[in-house]
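> here is my input; please provide its structure:
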Amino acid sequence: MKALVHPGLFTAHDIWHQVARLYYYSQAINDGQIPPYWIGQLANGFGYPLFFFSYNLPWIAAIPFIKIGIDIPNTLKILFFLFYLLSGLSMYLFVNNLLKNRLAALLSSILYLWAPYHFISVYVGASMGIVFVFAFLPVLLLGMNMIKEDHALGIPVATVGLAGIVLSHLMHLVYLIPVILTFFLAQLATSKNKYSLVKRTIFALILGVLLSAFYLIPSVYYNQFTKIRQTSGLTDLYKRNFVNFSQLVYSKWGYGPISYNAKDGEMSVQVGIAQWISVIGTTLLLFMGRLKKDRRILTIFVLSGFTASTFLMLDYSFPLWQFIEKFIMLDYPFRELLGATFMGSVLAGILIASLKKKWQYLLFILVAFVAVYTNRNHIRVNLYTDIPLQTYVDSEVTTNSFNEYLPINADQKLLDNKYQPVDGWGVSILAINRTTNGLSLDINATEDVTLSINQFYFPGQTLYVDRKSQGFNVDEKGRLNFTVPRGIHNVTVRFQNTPLINISKFLTVTGILITGFLLFKKKSYSI
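Down below sits the predicted model:
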């Protein structure tokens with residue numbers, strides 16, 4: 001992580017998005033949106049429901065650093081550093097709990113940290129949400145394994161892990177299904193009390209949903225009020241982002257974004273040479289019959305999960321993606337790299353733990369050396385910059401490349417026009433005040449007039465004229481349309497929490513209380 005200590009922010013695919021998102025999240029908190037949902041200044045001033053759908057947890061973690069005066073670029077670098085570090089720690093704790101072997105856990109965590117996809121996520125993509133998922137995936141599986149062992153902290157740990165993934169990058173939960181299912185089935189196959197395992201795991205998952213409800217429920221429900229299913233380019237994105245198997249073994253390192261097809265090689269999509277060595281090694285041990293029963297079952301499932309993640313990145317899986325796409329929008333099949341990277345790293349631990357003591361240290365040194373050596377050139381950024389913060393912010397229309405979460409009735413052509421607060425004849429603007437969740441105008445109408453205020457409608461938008469609530473229509477361009485009488489008036493559009501949002505926030509508070517109770521309850525409990 002030494003590259004993060006260098007002055008200036010680095011170039012990366014999503015770095016401009018991340019700067020703007022953290023800027024607006026911080027502004028929204030200052031405006032009293034806790035948590036933020038609507039950002040009125042985005043979409044050329046027409047407003048955009050950014051934090052209904054964009055992840056929240058990285059920015060929640062960032063707020064304390066912002067509050068003590070650290071600037072946004074350095075806060076981003078601190079977050080990348082901390083959660084890279086935490087991913088190694090959580091991986092160590094998980095594998096040590098799984099295999100009861102510290103050397104194996106250390107090797108798995110080294111491979112997890114020195115994985116190509118980890119460096120891609122930080123230095124090539126600046127994919128903050130994915131970097132957080134790297135840290136929370138082992139936490140989820142650690143909790144699930146503790147549940148199997150009837151540990152009192154199993155449920156709250158699994159709950160925090162699941163909520164962390166949902167709040168860091170919800171889409172990645174779908175990509176991680178092969179990993180999560182793999183380990184659950186392995187636990188189920190070796191558990192003595194299967195009914196208790198299933199019951200307690202389901203309870204942990206429900207509690208994880210409660211913990212993340214303030215984001216998860218509005219994100220799922222209000223998705224139908226956006227253009228995501230109509231967005232040209234996004235709906236077919238997955239079709240051109242499968243990779244070749246050879247790329248997963250080795251592909252040239254690059255910093256360029258994928259311009260058309262992942263097979264063109266603008267960036268590397270390799271799993272990691274050390275991970276492949278671990279896959280081959282455990283496969284050989286399996287066929288040679290050198291594994292004990294429980295570890296043999298675990299190895300079979302982990303290898304199956306690794307194979308599933310690999311298969312899902314190849315063209316052969318296209319019919320399955322077509323089926324999945326009917327229910328949820330997905331973008332890049334190669335995001336399965338996180339699952340393949342994770343399972344390959346776990347297999348390294350299984351490989352070490354299955355050998356005699358005298359061979360463990362030798363193989364540890366060999367595999368760790370391969371991991372570090374083959375990825376030694378991946379720990380640098382492409383270019384450092386010194387771009388003013390406001391340039392980052394002003395350059396972002398919505399912080400989404402396809403503007404896919406525009407309200408469903410919004411006319412996207414308005415994003416190209418010079419912004420004016422109102423659209424209507426016979427009206428002059430005397431004063432204007434803007435926040436992330438509100439637009440307030442003092443206007444002078446020379447006659448009774450029907451006008452459109454230039455804020456897109458989205459559930460939660462409310463209109464006040466002279467501080468009294470007023471009904472409105474949605475015009476053909478998706479804006480709030482209403483009538484005011486002649487004279488001077490104050491017109492305010494304010495985003496307010498809907499009943500669904502309030503219920504979701506209540507569920508999250510409930511989840512926090514239950515999780516806190518389980519974390520600090522000293523005696524074991526029964527579910």
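> report the separation between N502 and G516.
21 Å (C-beta to C-beta, to the nearest Å). (Each C-beta comes from the backbone N, C-alpha and C, glycine too.)
> again but with P138, I slipped
To G516, P138 is 22 Å away according to C-beta to C-beta.
> more crowded one of the two?
Higher neighbour count among P138 and G516: P138, with 28 against 11, using other C-beta atoms under 10 Å.
> doesn't that one belong to a helix?
Yes. Counting by DSSP: H, G, I helix; E, B strand; the rest coil, P138 falls inside a helix.
> just to check, it is in contact with S90?
Yes. With contact defined as C-beta atoms under 8 Å, P138 reaches S90; the gap is 4.0 Å.
> where is the longest helix in this structure?
helix 72-99 (DSSP state H).
> that helix - contacts with which helices or strands?
When contacts are defined as 3 or more C-beta pairs under 8 Å, 6 or more residues apart in numbering; DSSP states H and E, helix 72-99 sits against strand 9-10, helix 15-30, helix 57-67, helix 102-113, helix 128-148, helix 337-353.
> so for the shortest one, mean pLDDT?
So that's strand 9-10. Mean pLDDT, strand 9-10: 95.
> just the residues contacting it, thanks.
Strand 9-10 is contacted from outside by 3, 15, 19, 73, 76-77, 123, 126, 381-387, using C-beta atoms under 8 Å, 6 or more residues apart in numbering.
> the helices in the stretch 201-350 of the chain, which residues?
Assigned by DSSP state H, counting those that start in this stretch, the helices in the stretch 201-350 of the chain fall at 213-221, 245-249, 273-288, 293-311, 318-325, 337-353.
> so which of those helices is nearest Q461?
Among those, helix 213-221 comes nearest to Q461, with 14.3 Å by C-beta to C-beta.
> now do stretch 486-493: distance to the chain's middle.
Put simply, stretch 486-493 sits 41 Å off its chain's centre (C-alpha atoms, centre = their mean, to the nearest Å).
> so what's the most centrally placed residue in the chain up against?
By C-alpha atoms, centre = their mean, the chain has its centre lying nearest to H169, at 1.5 Å. H169 sits next to 55, 127, 129-130, 132-133 when contact means C-beta under 8 Å, 6+ apart.
> could you check how far it is from S54?
10 Å.
> torsion angles phi and psi at the closest residue to K148 other than its chain neighbours?
Leaving aside its chain neighbours, K148 sits nearest to Q187 (4.7 Å; criterion: C-beta to C-beta, 6 or more residues apart in numbering). In terms of degrees, to the nearest 10, the main-chain angles of Q187 are phi -70, psi -40.
> I'd say Q187 and N145 touch.
Yes. With contacts counted by C-beta under 8 Å, Q187 reaches N145, the gap being 6.7 Å.
> please, where are all the strands along the stretch 401-527 of the chain?
422-423, 427-435, 438-445, 449-456, 461-465, 468-469, 473-474, 479-484, 487-495 (DSSP state E, counting those that start in this stretch).
> out of those, which gets the lowest mean score?
strand 422-423 (a mean of 82).
> run me through the strand neighbours of that one, direction for each.
strand 449-456 (antiparallel) (DSSP bridges).
> quick revisit: and of the contacts of H169, the nearest to A213?
Distances from A213 to these, taken by C-beta to C-beta, are shortest for Y55, at 14.8 Å.
> so what's that closest one up against?
For Y55, the contacting residues are 128-129, 132, 167-170, 215, by C-beta under 8 Å, 6+ apart.
> so I328 touches Y175, yeah?
No. With contacts counted by C-beta under 8 Å, I328 stays clear of Y175, the gap being 10.8 Å.
> and the two? Which one has more around it.
Y175 (23 against 11).
> how close does that one get to W321?
Distance from Y175 to W321, by C-beta to C-beta: 11 Å.
> which neighbours do these two have in common?
Taking C-beta under 8 Å, 6+ apart as the contact rule, Y175 and W321 both touch L330.
> can you list contacts of the lowest-mean-pLDDT helix or strand in the chain?
Lowest mean confidence among the helices and strands of the chain (mean pLDDT, DSSP states H and E): strand 422-423, at a mean of 82. If you take C-beta under 8 Å, 6+ apart as the criterion, strand 422-423 is touched by 429, 441, 443, 451-454, 479, 491.
> with stretch 13-26 instead?
Stretch 13-26 is contacted from outside by 9, 36, 39, 41-42, 50-51, 54, 56, 58-59, 62-63, 66, 72-73, 75-76, 124-128, 257, 389, 392-393, 395-396, 399-401, 436, using C-beta under 8 Å, 6+ apart.
> mind checking how far that stretch is from the chain centre?
Put simply, stretch 13-26 sits 14 Å off its chain's centre (C-alpha atoms, centre = their mean).
> picking up where we left off before, top of the contacts of H169 by neighbour count?
V133 (31 neighbours).
> what pLDDT does that one get?
At V133, the pLDDT recorded in the model is 98.
> which residues touch it?
Contacts of V133 (C-beta under 8 Å, 6+ apart): 164-165, 168-169, 172, 176, 338.
> K418: which of those residues is nearest?
Nearest to K418 among the contacts of V133 is H169, at 35.2 Å by C-beta to C-beta.
> can you confirm that closest one is in a strand?
No. H169: not assigned to a strand; according to three-state DSSP it is helix.
> distance check, the spatially closest residue to it that is not a sequence neighbour against P178.
Nearest residue to H169, sequence neighbours excluded (C-beta to C-beta, 6+ apart): G129, at 3.5 Å. For G129, the distance to P178 equals 19 Å [C-beta to C-beta].
> my read is that A152 contacts F520, right?
No. Counting by C-beta under 8 Å, A152 stays clear of F520, with 10.5 Å between them.
> give me the number of residues near I68?
8.
> so what's it up against?
I68 neighbours (C-beta under 8 Å, 6+ apart): none.
> quick check: chain neighbours aside, which residue is closest to L89?
S109 (7.5 Å).
> rewinding a little: for burial, what's the neighbour tally of the residue nearest to K148?
Counted with other C-beta under 10 Å, Q187 comes out at 23.
> what residues sit buried inside the longest helix of the chain?
Applying a neighbour-count criterion of 16 or more other C-beta atoms under 10 Å, one finds 72-73, 75-77, 79-84, 86-88, 90-99 buried in helix 72-99.
> off-centre distance for that helix?
In terms of C-alpha atoms, centre = their mean, the centre of helix 72-99 is found 15 Å from the chain centre.
> stretch 9-16: end-to-end distance?
One end of stretch 9-16 to the other measures 10 Å (C-alpha to C-alpha, to the nearest Å).
> between A152 and F520, who's got more neighbours?
A direct count of neighbours by other C-beta under 10 Å for A152 and F520 places A152 higher, at 14 against 8.
> just the element for the more buried one, please.
According to DSSP states H and E, A152 maps onto no helix or strand at all.
> for it, what are phi and psi?
phi -60, psi -30.
> how is this structure carved up into domains?
2-251+261-382, 412-496 (automatic domain parsing).
> and those domains: which comes nearest F506?
Comparing the domains of the chain by their distance to F506 (C-beta to C-beta), the top pick is domain 2-251+261-382, with 8.3 Å.
> and K77, how close does it get to Q27?
20 Å.
> an error on my part: the question was meant for T508.
22 Å.
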